[in-house]
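Undergrad: Just to be clear, the model below is a prediction. Sequence and coordinates:
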Amino acid sequence: MLLTIKDHHETILKAVKAGSYIWTTAFNAGDAQGCANQYEDNATMRAEPFGQFDGREKLQQFWQNLVDEGDSDVAYIDPQFTIIDSSSALLKSGWKMDKASGVIHRELWVVQADGNAKLREDYFEATG
């Protein structure tokens with residue numbers, strides 16, 4: 001059976017939403033390693049005003065610091081998904097948590113060979 005373009009886009013979107021759900025669930029459980037596992041090994045993250053973090057180990061350290069400071073209860077506000085090619089999608093959204101809020105300017109999610117989506121690029125900003 002051949003998949004239509006619509007079916008393929010739905011498969012990508014489903015994988016991205018699942019990956020995002022796993023990431024938020026891990027963060028809200030205080031599991032920084034679980035957050036980091038949702039990134040590709042060589043992923044990059046720009047977190048304003050904190051700086052740039054490259055590679056899963058640095059990302060895990062960043063998320064661990066936030067968890068250690070007691071941050072939790074992250075929620076995305078009005079997430080918008082855009083399929084950009086045959087294996088990836090962008091996510092943009094507002095976000096809030098118990099101690100901060102901001103904007104996700106760009107999460108580039110890429111569907112891996114196993115069908116799961118991982119973050120390749122993450123650019124967000126804390127604004128409040």
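TA: That came in fine, so what should we check first? Numbering: from 1, shown residues only.
Undergrad: nearest spatial neighbour of N28, skipping sequence neighbours?
TA: Leaving aside its chain neighbours, N28 sits nearest to S72 (5.6 Å; criterion: CB to CB, 6 or more residues apart in numbering). Every C-beta, even on glycine, is put in place using the N, C-alpha and C of the backbone.
Undergrad: E57 in helix, strand or coil?
TA: Here E57 is helix, with the state taken from DSSP: H, G, I helix; E, B strand; the rest coil.
Undergrad: which residue packs closest to it, ignoring adjacent ones?
TA: With CB to CB, 6+ apart as the criterion, E57 has its nearest non-adjacent residue at 7.7 Å, and that residue is A36.
Undergrad: Read off the pLDDT value for that neighbour.
TA: At A36, the model reports a pLDDT of 98.
Undergrad: Tell me which residues touch it, please.
TA: Counting by CB atoms under 8 Å, 6 or more residues apart in numbering, A36 touches R56, E57, L59, Q60, W63.
Undergrad: okay, these in JSON lines with neighbour count, pLDDT and distance to E125 next?
TA: What follows is these, written out as JSON lines (neighbours: other CB atoms under 10 Å; pLDDT from 0 to 100; distance: CB to CB, whole Å):
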{"residue": "R56", "neighbour count": "20", "pLDDT": "97", "distance to E125": "22"}
{"residue": "E57", "neighbour count": "11", "pLDDT": "97", "distance to E125": "23"}
{"residue": "L59", "neighbour count": "24", "pLDDT": "98", "distance to E125": "17"}
{"residue": "Q60", "neighbour count": "18", "pLDDT": "97", "distance to E125": "21"}
{"residue": "W63", "neighbour count": "26", "pLDDT": "97", "distance to E125": "16"}
